[in-house]
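Visitor: When you get a sec, could you give me coordinates for this:
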Amino acid sequence: MAYVLGFFSADGYITVNKRGGQFWCIQITDKKLLESIKNVVGSGHKISKREGKANEKSLYRLQIGSIEMCNDLRALGIFEKKTKNIVIPNVPEKYLADFVRGYFDGDGNVWSGYVHRERKVTTHVIFVAFTSCSHKFLKQLHTKLNAVGLIGGSIYKPKDKDFCRLQFSTSNTLKLYDFMYNGYVQEDGLFLKRKKSIFEKYIRLRL
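Guide: Residues are numbered from 1 along each chain as shown. Coordinates of the predicted model:
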């Protein structure tokens, strides 16, 4: 459930309709992952599909009506208008890796490639970044990741943008990989394979 909470912190939202009905929703392009999330929360709700426009992927949405679950999310600090106000929920340390992996799959990026191409010897690097419109959220996340061994990293705000990024360089990115996956997640667990595979390809090339 910590993974689902992390993913919801990135890509989920609470909505209240005119009749007072309360729903929590996740809308993403990865149907398989959404089906896994649906199974974890024990939902029998149907996943709806919205066809994408030209050159856009289709979107899949899971919407669950539950006042109790919405209130549970509010108690954790996740409210309707969370974009700029979200904070890190009180997640027990033993579940922190799952929460971070969930948020990373929702609003994180990993990039691998070569830098210093103008030099005779290029450098193969890998970077990871977490994105949020809440500077406070990223600051809290930074503190928690520092506490588990990711010493370093920086938060910056791109010019003329509403969001911030928490970014780590190669050595800490590899530590983050160990933290999020190794020993914490099974092959049939909750994670985006396309993101995990970028880490693994980089590691294979280093051997």
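Visitor: So, low pLDDT: which residues of this structure?
Guide: 117, 183-188, 207 (pLDDT under 70).
Visitor: Would you map the helices across it?
Guide: 2-11, 31-40, 67-75, 96-107, 135-147, 170-180, 193-206 (DSSP state H).
Visitor: Thr123: which of these is closest?
Guide: helix 170-180 (8.8 Å; C-beta to C-beta). In short, each C-beta sits where N, CA and C put it, glycine included.
Visitor: With only the CA atoms kept, save that closest one in CSV.
Guide: Extracted in CSV, the C-alpha atoms of helix 170-180 (Å, rounded to 0.1, in the frame of the first residue of the first chain):
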residue,chain,number,x,y,z
THR,A,170,25.4,8.8,-10.7
SER,A,171,26.7,7.5,-7.4
ASN,A,172,23.6,8.4,-5.5
THR,A,173,21.3,7.3,-8.4
LEU,A,174,22.8,3.8,-8.0
LYS,A,175,22.2,3.9,-4.3
LEU,A,176,18.6,4.9,-5.0
TYR,A,177,18.3,1.9,-7.3
ASP,A,178,19.5,-0.4,-4.5
PHE,A,179,17.1,1.3,-2.0
MET,A,180,14.0,1.2,-4.2
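Visitor: buried residues in it?
Guide: Using 16 or more other C-beta atoms under 10 Å as the burial criterion, the residues of helix 170-180 that qualify are Thr170, Asn172, Thr173, Leu174, Lys175, Leu176, Tyr177, Phe179, Met180.
Visitor: and what of stretch 132-146?
Guide: Ser132, Cys133, Ser134, Phe137, Leu138, Lys139, Leu141, His142, Lys144, Leu145.
Visitor: Count residues in the vicinity of the residue nearest to the third one when sequence neighbours are not counted, would you?
Guide: Okay, so that is Ser134. Distances taken as C-beta to C-beta, 6 or more residues apart in numbering place Ile86 nearest to Ser134, at 4.8 Å, with adjacent residues excluded. Ile86 has 20 neighbours, counted by other C-beta atoms under 10 Å.
Visitor: Next up, the contacts around Ile86.
Guide: Ser9, Gly77, Ile78, Ser132, Ser134, Phe137 (C-beta atoms under 8 Å, 6 or more residues apart in numbering).
Visitor: Understood, closing this out.
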